[in-house]
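Asker: Got a sequence here, can you build the structure:
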Amino acid sequence: MDVAVALVLVVTGVIHLLPIVGVRSGPAVARLYGVPDPEPGTELLLRHRAVLLAMVAVVCFAGAADQDVRPLALAVGVVSTAAYVALCRRAATAELHRVAVIDAALLVLLVAAAVAVALG
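Answerer: This next block holds a predicted model:
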């Protein structure tokens, strides 16, 4: 079961790391989320979001490698994905809807992994 939980955390980390390409430029982050010509404030928030998601990825990778960090990593992954799914009732773009679908699938895996860890 340890390998399965670690794999869930690695997959979660990889998915959360993907938006990091948006940090380098506004157009890159606009393409990621399907937001054409975002205002400077919106662009800043989207780029900052990419950094925060990279931090979630680092915690997930740490949890995959270290069982002592695993509960924290699972909690961070669950909160991150559940928050997006809860906030994204109707996605403004197809790209944002795709993120919600992926996060919903990740949420199921993360909850199952958290239950497995809790049950030992």
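
Asker: what about the residue nearest the centre of the chain, distance to Leu53?
Answerer: With distances taken as C-alpha atoms, centre = their mean, His16 lies nearest the centre of the chain, 3.7 Å away. Going from His16 to Leu53 by C-beta to C-beta, to the nearest Å gives 5 Å. Glycine gets a C-beta too; all of them are placed from N, C-alpha and C.

Asker: Leaving out the residues flanking it, which one is nearest to Leu106?
Answerer: Once flanking residues are discounted, Leu106 sits nearest to Thr81: 4.9 Å by C-beta to C-beta, 6 or more residues apart in numbering.

Asker: Near the one you found, how many other residues are there?
Answerer: Look at Thr81: counted by other C-beta atoms under 10 Å, it has 26 neighbours.

Asker: model confidence over the helix or strand containing it, on average?
Answerer: Using DSSP states H and E, Thr81 falls within helix 70-87. Mean per-residue pLDDT for helix 70-87: 96.

Asker: so after the lowest-mean-pLDDT helix or strand in the chain, what's the next helix or strand?
Answerer: When each helix and strand of the chain is scored by mean pLDDT, DSSP states H and E, helix 26-33 comes last, with a mean of 84. Going down the chain from helix 26-33, the next helix or strand is helix 40-65, by DSSP H and E.

Asker: Any idea how far that following helix is from the middle of the chain?
Answerer: Remark: helix 40-65 is offset 8 Å from the chain centroid, using C-alpha atoms, centre = their mean, to the nearest Å.

Asker: Would you mind listing the buried residues in that helix?
Answerer: For helix 40-65, the neighbour count (16 or more other C-beta atoms under 10 Å) marks 43, 46-47, 49-50, 53-54, 56-57, 59-64 as buried.

Asker: Out of those residues, the closest to Glu95 would be?
Answerer: If you rank the buried residues of helix 40-65 by distance to Glu95 using C-beta to C-beta, Leu46 comes first, at 11.4 Å.

Asker: what stretches of the chain score poorly on pLDDT?
Answerer: Counting by pLDDT under 70, the chain contains no low-confidence segment.

Asker: how close does Ala62 sit to Asp68?
Answerer: The value you get for Ala62 to Asp68, if C-beta to C-beta is used, is 9 Å.
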